[in-house]
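Chemist: Requesting a structural model of the entry that follows:
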Amino acid sequence: MSERRSFSADEARNLLRRARTGTLGTLNAEGGIPYASLVNLATDVRGCPVILVSTLAWHTRNLLADPRGSVMVAEMPPEGDALTGARVTVMGRFSRVEGREVSRRYLARHPAAELYAGFGDFAFWRLEPELAHAVAGFGRIETIPANELFPSADEMIALEEGAVQHMNEDHEDAIQRFAEKLLGATAGGWKIMAIDPDGADLRRGEEVLRLPFGTPVYSGGALRSCLAKLGEQTRV
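Modeler: Here you go, the predicted model:
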């Protein structure tokens, strides 16, 4: 039995799921000096970071020359020392990705990006993780291998689009209750735009909410059970 981590892989991955921005680390194409920049951030179904960047940006030119990079996300505490807040850095290599699924999940987190996501000089890049370093305050520091932080999610990848469509077409009332009773928003107009093992992204216009599942789900049966339980909670 493996030792229990002080900052679990699930906690670290959910930190990535909640983040809408992150710090991107690349190697400067001129001289190789590390370069840090701010990017909007989304995740694929497994949880791997996805960015949308222009070829005009320094960080994109850097990735074209050397795909090695990292993404760091952090949650600042409401007061006190910022270094007591949780953060995770994922290291690996970036590669360009295409497809409706990537675009849908990214725009679920960043609806304003619809204005430029189709421009010819913009492209989606995904970080293929190799290692992660997670910190959640004193004594909660972990180095986590990629396969632990991002376990296989093949069944969820295959069913995600159908599950999103089914929820929006057949369970609209439940989605409104999720937004109102679980996430503190006003009901009306919400749609589920993306689903993954850790939760769902809800969107209304340019408003975005993250619905966490609490416990990861990796099968259709587990997803149905999770959503049914959330539905029961909101009927009370």
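Chemist: Just the element for R93, please.
Modeler: Per DSSP states H and E, R93 falls inside strand 87-97.
Chemist: tell me the mean pLDDT for that strand?
Modeler: The pLDDT scores in strand 87-97 average 97.
Chemist: Flag every buried residue along the longest strand anywhere in the chain.
Modeler: Of all the segments of type strand in the chain, defined by DSSP state E, the longest one is strand 122-135. Buried residues in strand 122-135, counted by 16 or more other C-beta atoms under 10 Å: 122-129, 132-135. For every residue, glycine as well, the C-beta is placed using N, CA and C.
Chemist: and what of stretch 48-61?
Modeler: So stretch 48-61, judged by 16+ other C-beta under 10 Å, has buried residues 48-53, 57, 59-61.
Chemist: Using the record's domain definitions, break this structure down for me.
Modeler: 9-149, 154-235 (automatic domain parsing).
Chemist: what ranges do the helices span in the chain?
Modeler: Counting by DSSP state H, one finds helices in the chain at the ranges 9-18, 58-65, 100-109, 146-149, 154-170, 172-177, 220-235.
Chemist: Any stretches of this structure with poor pLDDT?
Modeler: 1-3 (pLDDT under 70).
Chemist: let's see 90
Modeler: Low-confidence segments of the chain (pLDDT under 90): 1-7, 76-85, 99-100, 118, 136-140, 214, 235-236.
Chemist: just to revisit the earlier point, mean neighbour count, the helices of the chain: which tops it?
Modeler: With neighbours taken as mean count of other C-beta atoms under 10 Å, the helices of the chain reach their highest mean count in helix 9-18, at a mean of 21.
Chemist: contacts for that helix?
Modeler: When contacts are defined by C-beta atoms under 8 Å, 6 or more residues apart in numbering, helix 9-18 is touched by residues 41, 43, 47, 49, 71, 73, 75, 86-88, 90, 132, 134, 136, 142, 144, 148-150, 196, 198-199, 210, 212, 216.
Chemist: cool, stretch 227-236 as well?
Modeler: Contacts of stretch 227-236 (C-beta under 8 Å, 6+ apart): 167, 171, 174, 177-178, 180-182, 211, 213.
Chemist: Return the residue of this structure that is most distant from the centre.
Modeler: The centre of the chain is farthest from one residue, G31, which by C-alpha atoms, centre = their mean lies 31.5 Å away.
Chemist: any idea how far the residue lying closest to T89 once chain neighbours are set aside is from G120?
Modeler: Of all residues not flanking T89 in the chain, M72 sits nearest, at 4.3 Å (C-beta to C-beta, 6 or more residues apart in numbering). For M72, the distance to G120 equals 29 Å [C-beta to C-beta, to the nearest Å].
Chemist: List the ones among the buried residues of stretch 48-61 that fall in strands.
Modeler: 49-53.
Chemist: can I get those in CSV with distance to R100?
Modeler: Listed next are those as CSV, based on distance: C-beta to C-beta, whole Å:
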residue, distance to R100
P49, 19
V50, 13
I51, 18
L52, 14
V53, 19
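Chemist: E79: which of the residues you listed is nearest?
Modeler: Closest to E79 out of those is P49 (28.4 Å), distances taken as C-beta to C-beta.
Chemist: who's in contact with that closest one?
Modeler: Residues in contact with P49, defined by C-beta under 8 Å, 6+ apart, are 16, 22, 41-43, 71, 90, 126-127, 129.
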